[in-house]
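# here you go, sequence then predicted model.
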There are 2 protein chains.
Amino acid sequence: MTPNRLDQRRARTRAALLGAARDLLVSRVPAEVSIQEITDAADVGFGSFYNHFESKQTLFDQAIAEVAGEHREMLEAGTAGLTDPAEVLSVAVRLTVLLAQTGPGMARVIDRAGLGYLDALAPAGLRFLRRAHAVGRLCFDDAEVAWSCVGGATLGTLRRALESSPAETGQAGRQAALGVLRLFGVPEIDARRIAARTLPA
Amino acid sequence: MTPNRLDQRRARTRAALLGAARDLLVSRVPAEVSIQEITDAADVGFGSFYNHFESKQTLFDQAIAEVAGEHREMLEAGTAGLTDPAEVLSVAVRLTVLLAQTGPGMARVIDRAGLGYLDALAPAGLRFLRRAHAVGRLCFDDAEVAWSCVGGATLGTLRRALESSPAETGQAGRQAALGVLRLFGVPEIDARRIAARTLPA
């Protein structure tokens, strides 16, 4: 094989391992999954695992980081064009809770990752919160505590949504968004209007 | 041994297994801990494990339920005598975040249990929220979503507090309490006063 084709094969193997890890995370606890099981699910040789990942932990961490990256891109796309930080926040909370319906596999991986998932999204989340604070739209003392509160509330609601009907999920997302807007001192009438708005298509 | 002494020994073995599970949960993932390791840590025979627990999962679930029971009793004691539900909520959030300092072992077990921990506290939490809603002090639509939001925000802040200094932890608890009071529509001036109050001794 030419070096180029070798690179392509390496990339495919790596992607297959990451994909298998994501699939397994939907229903399994990482500690209970063996490397053999992962390479079997990825349909690659057992020996190739350590050419790509240092450990099982590294693979699962990267699979979760990959989900966080897609989640971030989804939120950026879903809030593109919105200029009011309160509205960006509301849409981000609601789209995340709706993942229980729109991306149940992704939602299960996020739920499995738990509150530690917030670390993977923290750089973007903190940047957003600090900008919104600087323009005086969201009111809080410490950005990292603010991030823990809004992130925890959103993941808590997503977890509940995974056991709910689609109608309940939309309603839960609106309630969480309203709560989070209030949490940051957005005036009531404003918060109600924003949280109830039709989501961007 | 008389039946009574046998009962006592059974209770001691059970307590030793639960204690070992709690100790192990502070630093380890349940799936990575073997039953042998648990019985060694509890200083009981391997064979006695299944006389007390159906599976490793059952043991860890009961250890977490035990922590939740103590947590609930701590919150009940810490808020006894308070009549304003907003103040009860504020103190409960702050005492929970402070566990990072006052009960770091307990806090690590709670953090390990993740958002699923909220299920163990849900009966008491939902009862409290529904009463506070009925008297018009806390404002929300669905009590279970409200519980997910306040619980998620509190556990998110506790998680962060586990990496923080004592001074930061107290401050983070007050910020989370203020945020949660606002989230339930408590008026700003009221929320600020309540969240800043000296904690009951």
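Good, I have the coordinates. The shown structure was predicted, so the numbers you read here are calculated from the model rather than taken from an experiment.

# pLDDT score assigned to residue A:30?
Looking at residue A:30, its pLDDT is 87.

# shouldn't it be in contact with residue A:58?
No - between residue A:30 and residue A:58 there is no contact under CB atoms under 8 Å: 10.9 Å. Every C-beta, even on glycine, is put in place using the N, C-alpha and C of the backbone.

# more neighbours, the two?
Counted by other CB atoms under 10 Å in any protein chain shown, residue A:30 and residue A:58 do not tie: residue A:30 has more neighbours, with 21 against 11.

# is the helix or strand hosting residue A:128 anywhere near chain B?
For residue A:128, the host element (DSSP states H and E) is helix A:117-134. Yes - contact of helix A:117-134 with chain B (CB under 8 Å from any CB of the partner chain) involves residue A:118.

# now do that helix, average pLDDT.
Mean pLDDT, helix A:117-134: 97.

# just want the angle from the helix or strand following that helix to helix A:117-134.
Per DSSP H and E, the first helix or strand lying C-terminal to helix A:117-134 is helix A:143-161. Helix A:143-161 and helix A:117-134 meet at an angle of 120 degrees, taking axes from the mean of the first three to the mean of the last three CA atoms, to 10 degrees as the criterion.

# domains in chain A, as residue ranges please.
Split into domains by automatic domain parsing, chain A comes to A:3-53, A:63-196.

# ends of the shortest one, what's the gap?
Separation of the first and last residues of domain A:3-53 by CA to CA, to the nearest Å is 21 Å.

# lowest average pLDDT across the domains of chain A?
Mean pLDDT per stretch puts domain A:3-53 lowest among those, at a mean of 92.

# how about that domain and chain B, touching?
Yes - interface with chain B: domain A:3-53 contributes A:29-32 (CB under 8 Å from any CB).

# for those, pick the one with the most neighbours.
Neighbour counts for those, by other CB under 10 Å, peak at residue A:30, which reaches 21 neighbours.

# excluding chain neighbours, what is closest to that one?
Excluding the flanking residues, the one nearest residue A:30 by CB to CB, 6 or more residues apart in numbering or on different chains is residue A:60, at 4.5 Å.

# about what we covered before: which of the domains of chain A is buried the deepest?
domain A:63-196 (a mean of 20; mean count of other CB atoms under 10 Å in any protein chain shown).

# so how far is it off the chain centroid?
Distance of domain A:63-196 from the chain centroid (CA atoms, centre = their mean, to the nearest Å) equals 9 Å.

# one step back: counting by contacts, list what the helix holding residue A:128 packs against.
Packing partners of helix A:117-134 (3 or more CB pairs under 8 Å, 6 or more residues apart in numbering or on different chains; DSSP states H and E): helix A:56-79, helix A:85-102, helix A:143-161.

# again, only this time at 7 Å
Where contact means 3 or more CB pairs under 7 Å, 6 or more residues apart in numbering or on different chains; DSSP states H and E, helix A:117-134 is packed against helix A:56-79, helix A:143-161.

# what angle separates it from helix A:56-79?
Using the same axes, to 10 degrees: helix A:117-134 against helix A:56-79 is 30 degrees.

# what does helix A:117-134 contact?
Under the contact criterion CB atoms under 7 Å, 6 or more residues apart in numbering or on different chains, helix A:117-134 has outside partners A:64-65, A:68, A:71-72, A:85, A:110, A:138, A:140, A:143-144, A:146-148, A:151, A:155, B:156.

# sorry, back to before: got CSV for the residues of domain A:3-53 next to chain B, with distance to residue B:174 and secondary structure too?
Conversion of the residues of domain A:3-53 next to chain B to CSV gives the following (distance: CB to CB, whole Å; DSSP: H, G, I helix; E, B strand; the rest coil):
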residue, distance to residue B:174, secondary structure
A:29, 35, coil
A:30, 36, helix
A:31, 36, helix
A:32, 40, helix
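
# which one of the helices and strands packed on helix A:117-134 lies closest to residue B:42?
helix A:56-79 (27.4 Å; CB to CB).

# quick one, that closest one and helix A:85-102 angle?
Using the same axes, to 10 degrees: helix A:56-79 against helix A:85-102 is 120 degrees.

# coming back round to it: what about the domains of chain A, which gets the closest to residue B:23?
Residue B:23 sits nearest to domain A:3-53 of all the domains of chain A, at 17.9 Å, using CB to CB.

# the residue nearest to residue A:30 contacts residue A:31, doesn't it?
No - with contact defined as CB atoms under 7 Å, residue A:60 does not reach residue A:31; the gap is 9.4 Å.

# which of the domains of chain A sits closest to residue B:13?
With CB to CB as the measure, domain A:3-53 is the member of the domains of chain A nearest residue B:13 (26.3 Å).

# the closest one: how far from the chain's middle?
On the basis of CA atoms, centre = their mean, domain A:3-53 sits 21 Å off its chain's mean C-alpha point.

# so how far is chain B from the residue nearest to residue A:30?
Look at residue A:60 and chain B: by CB to the nearest CB, to the nearest Å, they are 12 Å apart.

# now do the same contact list for that residue.
A:21, A:25, A:30.

# can I get those in CSV with distance to residue B:104?
What follows is the contacts of residue A:60, written out as CSV (distance: CB to CB, whole Å):
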residue, distance to residue B:104
A:21, 32
A:25, 29
A:30, 25
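
# appreciated, that's everything.
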